[in-house]
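Student: 3D model of this:
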Amino acid sequence: MKVLIAEDDPVFRRLMETKLIKWGYETIVTNNGVSALETLEKEDAPLLAILDWIMPEMDGAEVCQRIRKSSQLRPAYLILLTAKGRSIDIIEGLQAGADDYITKPFDEEELQARIKVGVRVMGLQRLLSDRVKELETSLKRIKQLQGLLPICSYCKKIRNDQNYWQKVETYISEHAEVKFTHGVCPECYQKIVEPELEKLMKGDLPVTFGEER
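Tutor: Below you'll find the model as predicted:
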């Protein structure tokens, strides 16, 4: 998984980059907010970013705000890195659009744990997105069977969009993931099958049982 590190302090930047590579992440590094925003605006943008609050040109909180205001960008998990530890500062960062925060100097295990939380959250979001797409596809298929269907009053065939008449099972099979198995309902068995069997046993009926009526 790709992770963006936006930090203007070369020591902290290099330290985080080394740790993330060690933990198996692919890193993209920048030293200012404008460059961080440009990276997150790309089509193949990282799904997780660690943003220093105080950076040249644009701070981390403003990067969060701009990302959240854009409906065109893929959602990303944003972690603010800050030396500000007061509750009011943390609230301000979260209200700006950050998903999480970590204070400087950071604890290595805490940083790893918070990144793992972000990876897990993004994984769940991706899974939810896939499920939504599957549901939309299913709804499109269902909509194909909605509306009025012209059906023959005698043979019960359905007229399709090309003005051809098809058997009910043929039409439904083409518009939905449905397979049919044929049988005989009790009512038809009494009205049709039993009389035919009786005639067949008496020899009054040619052997045509099972033909389409």
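Student: could you pick out the longest helix of the protein?
Tutor: helix 108-143 (DSSP state H).
Student: the next helix or strand after that helix - contacts with which helices or strands?
Tutor: Sequence-wise, the next helix or strand downstream of helix 108-143 (DSSP states H and E) is strand 158-159. The contact analysis (3 or more Cβ pairs under 8 Å, 6 or more residues apart in numbering; DSSP states H and E) places strand 158-159 against strand 165-166. Where you see a C-beta, it was placed from the backbone N, CA and C, and this is true even at glycine.
Student: and the angle for the helix-or-strand element of the chain with minimal mean pLDDT with helix 108-143?
Tutor: Of all helical and strand segments in the chain, the minimum by mean pLDDT, DSSP states H and E falls on helix 168-175, at a mean of 74. Angle, helix 168-175 to helix 108-143, by axes from the mean of the first three to the mean of the last three Cα atoms, to 10 degrees: 150 degrees.
Student: find the centremost residue of this protein, please.
Tutor: The centre of the chain sits closest to Ser129, judged by Cα atoms, centre = their mean, with a distance of 1.6 Å.
Student: quick check, pLDDT for that one.
Tutor: The per-residue pLDDT reported for Ser129 equals 80.
Student: how close does the nearest residue to Asp9 once chain neighbours are set aside sit to Phe12?
Tutor: The spatial neighbour of Asp9 that comes closest, neighbours along the chain excluded (Cβ to Cβ, 6 or more residues apart in numbering), is Asp52 at 7.2 Å. Separation of Asp52 from Phe12 (Cβ to Cβ, to the nearest Å): 8 Å.
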